[in-house]
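1. quick one: sequence and predicted model below, then my questions.
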Amino acid sequence: MFSSGGRTRSGEGARTGATGATGATGVPARRTTARAVRAAGVAVTGAAVLLGVLGAAPAQAASGCAGRLMKALPFSTGTTYVYKTRTHACAVTIPRRPGSRQQMSVSIQPRGGVPVADSGRFTRLAGPVTVYALTRCVYVRGAVGAGSVASGWILC
């Protein structure tokens, strides 16, 4: 296995340090390939995105809405979030205390169009509801239990 000088036959001595092909514990050292390093980097980046470390909005991961958070409309029993892509607007309502089934609703209406709504007894969120809003203002309403909010015409 070893030739004179403590190096391995395949020339790994320079990569593994002074201990040769075995680590300090006597266990054979594993080579770190570019593929393994790349996979570890992808895993760390993926975990950071999932955890919101890279600056994602707090409700974006749970909302199901695409785009950028444009407005948060808080009220006594929850918050309605409004997102915008280049062509669409999306809204979702999240209760202040998720977990128990409670009456929730969210609706979004483009100016000159009909409202799109989601209403019912949900545990985590109402929505997402999406409308085409390339050059239109939208009117958003959200409610959880007795609390509610209305945005007025926004994103004009």
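-> Nice, I can see it.

2. what are the ranges of the strands in the chain?
-> In the chain, the strands defined using DSSP state E lie at 68-75, 78-84, 88-95, 102-110, 116-122, 126-132, 138-144, 147-154.

3. thought F75 was touching G147?
-> Yes - F75 lies in contact with G147 (Cβ atoms under 8 Å); the separation is 4.7 Å. Heads up, the C-betas are built off the backbone N, CA and C, glycines and all.

4. which residues do these two both contact?
-> Contact criterion Cβ atoms under 8 Å, 6 or more residues apart in numbering; residues shared by F75 and G147: none found.

5. winner for burial among the strands of the chain?
-> Comparing those by mean neighbour count (mean count of other Cβ atoms under 10 Å), strand 88-95 ranks first with a mean of 26.

6. note down every partner strand of that one and its orientation.
-> With DSSP bridges as the test, strand 88-95 is paired with strand 78-84 (antiparallel), strand 126-132 (antiparallel).

7. what's the model's confidence in the first one, averaged?
-> Here strand 78-84 scores 96 as its mean pLDDT.
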